[in-house]
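Visitor: Just the structure for this:
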Amino acid sequence: MICFSRIDDRLIHGQVVTTWVNMHRIEQIIVLNDKIANDDTQKNILKMAAPSGINVRAFPIKKFGEIIKKNKITRRTMLLFTTSEDVLEAVECGVPVGDLNVGGMRYREGREKLSRALSVTPDEREAFKKILDHGINVTVQMVPNDEKVDLKGMI
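Guide: A predicted model of the protein is given here:
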């Protein structure tokens, strides 16, 4: 079952591993990103970054949408994304994202800073608006101890 969905452009790193995984008793992490799913080096790095005992898989988004229609997820699962555009594509492919946590989309050239941890391109902003239109609750929160901030007020 999908217990937690998160956007974090760093994917698996200290905060994800030590706090969110433990808090939600996660047994597997599924990264949904077309580029990473087709890069064996990146997949191996993600597996090494995860704590022992946590299964890590990466799928192209459309392929995972097909898989989830035919197969029930039985392990406590965290979905991990790098952008709001990937989340929107997953939602439109039938992936049950549930509530969405935004942990980090760092500032780079061409991005607008919305908060300390969240910067977006115009396309990512539009994707967030569409995700909200799907009725998905989106909050910005780096780690569980931080205050949850509703994305609606930021977009």
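Visitor: Only C-alpha atoms from now on, for both contacts and neighbour counts.
Guide: Fine.
Visitor: Check the average confidence over stretch 5-24, would you?
Guide: Averaging pLDDT along stretch 5-24 gives 89.
Visitor: Tell me if L132 really is in a helix.
Guide: Yes: judged by DSSP: H, G, I helix; E, B strand; the rest coil, L132 forms part of a helix.
Visitor: quick one: it and D150 touch, right?
Guide: No: with contact defined as CA atoms under 8 Å, L132 does not reach D150; the gap is 10.7 Å.
Visitor: residues shared between the contacts of these two?
Guide: V138 (CA atoms under 8 Å, 6 or more residues apart in numbering).
Visitor: so what does the longest strand anywhere in the chain touch, helix or strand wise?
Guide: The single longest strand within the chain, with elements called by DSSP state E, is strand 2-8. Using 3 or more CA pairs under 8 Å, 6 or more residues apart in numbering; DSSP states H and E, the elements in contact with strand 2-8 are strand 77-81, strand 100-104.
Visitor: Which of the ones you listed sits closest to C93?
Guide: For C93, the closest of the helices and strands packed on strand 2-8 is strand 77-81, at 14.3 Å, according to CA to CA.
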